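Asker: coords please:
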Amino acid sequence: MCQGRVTEKALTASCLEESHTKVYKSYVMKDHRGREMPLVFNDSMGVENGEDGKGGVLTADIITAFKGYIKDGAKFHQNSPLRDGDLGYNKHPRLSDEVHCLVSVMHAQRICGLLTQECAFLTKMRDARKAASELGIPHVVLMTHVDMCCPLVHKDLKNMYSSKKIKEAMQHCSNKLGVPMKCIFPVKNYFEETAVDTKTDCLLLDALEKIVHFANDYVESKVVPEEG
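Answerer: Numbering: from 1, shown residues only. Modelled structure (predicted):
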């Protein structure tokens, strides 16, 4: 998007049920000239909806990552959380190692189904949001694949702003997770496309701008101003 082309650095699974990511991976954003931007996304294993809470990233590892104790490339284990002394554990995290904004990525078609009843997925999401809130970390939700959720939006992305289905999905997500509507951003993914699209990019860039602002606010709140 920022590089003027479709990229595929963070690989994704074609199946909706299982997370493709198995390690904690950092991705530095680059502009259209390939220059690094002061923006890093940390990708983690997904919050899967396994039986009895099994499957997906552990809540303890999510919280550990918030605090900057997980190094880039650290492998997730579903049997036990990462601890001091384990390979990939960062003993002395800096502010730059911490998570400055929690971004939950959720498929628009799955939101209503996953959040309809109490389940392990919902519990993990709520626990993660609570932990982030206690640490002062802002939380936003990227509601992806909006074009698959509503026929009118599939026809034209401009219809998203008047789509009742999209608004209902956003409201449902807000009610179940406690995320304000203003912090839920519906976006379209580059799924089959091989070239960038202006309407798709506008939605993604709008969400990215808000995320950057929230993250910057968090950093500013952590930095103690110099006296004098």
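Asker: can you pull out the strands in the chain?
Answerer: When assigned using DSSP state E, the strands of the chain occupy the ranges 25-30, 36-43, 102-107, 139-144, 184-186.
Asker: in TSV, list those strands along with mean neighbour count, distance to Met160 and mean pLDDT.
Answerer: C-beta coordinates here come from the backbone N, C-alpha and C atoms, glycine included. Formatted as TSV, the strands of the chain follow (neighbours: other CB atoms under 10 Å; distance: least, CB to CB, whole Å; pLDDT from 0 to 100):
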stretch	mean neighbour count	distance to Met160	mean pLDDT
strand 25-30	14	24	91
strand 36-43	14	23	92
strand 102-107	20	15	93
strand 139-144	22	10	95
strand 184-186	22	6	95
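Asker: Gln171: which of the ones you listed is closest?
Answerer: strand 184-186 (8.9 Å; CB to CB).
Asker: return the helix or strand in this structure with minimum mean pLDDT.
Answerer: helix 108-114 (a mean of 77; mean pLDDT, DSSP states H and E).
Asker: now for that one, which elements pack on it?
Answerer: Counting by 3 or more CB pairs under 8 Å, 6 or more residues apart in numbering; DSSP states H and E, the packing neighbours recorded for helix 108-114 are strand 139-144, helix 146-149, helix 164-177.
Asker: what is the mean pLDDT for the shortest one?
Answerer: Yep, that's helix 146-149 we're talking about. Per-residue pLDDT values over helix 146-149 give a mean of 89.
Asker: could you dump it to CSV, C-alpha only?
Answerer: Taking C-alpha atoms only, helix 146-149 is exported to CSV below (Å, rounded to 0.1, in the frame of the first residue of the first chain):
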residue,chain,number,x,y,z
VAL,A,146,-16.2,-6.0,4.5
ASP,A,147,-16.9,-6.7,0.8
MET,A,148,-17.7,-10.3,1.7
CYS,A,149,-20.1,-9.2,4.4
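Asker: got the buried residues for it?
Answerer: By neighbour count, with 16 or more other CB atoms under 10 Å as the criterion, the buried positions of helix 146-149 are Val146, Asp147, Cys149.
Asker: now do that helix: everything it contacts.
Answerer: Residues lying outside helix 146-149 but in contact with it, judged by CB atoms under 8 Å, 6 or more residues apart in numbering, are 108-109, 153-154, 157, 160, 163, 165-166, 169, 186-188.
Asker: could the residues you listed go into TSV alongside distance to Glu220?
Answerer: Output for the contacts of helix 146-149, formatted as TSV (distance: CB to CB, whole Å):
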residue	distance to Glu220
Ala108	32
Gln109	37
Val153	36
His154	40
Leu157	33
Met160	32
Ser163	35
Lys165	37
Ile166	32
Ala169	32
Pro186	28
Val187	26
Lys188	31
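Asker: out of the residues you listed, which one has the weakest pLDDT?
Answerer: Looking at pLDDT alone, these dip lowest at Gln109, where the score is 83.
Asker: circling back to that earlier point, whichever of the contacts of helix 146-149 end up buried, select them in PyMOL.
Answerer: Written as a PyMOL command, the selection of buried residues from the contacts of helix 146-149, which uses 16+ other CB under 10 Å, is:
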select buried, resi 108+109+153+157+160+163+165+166+169+186+187+188
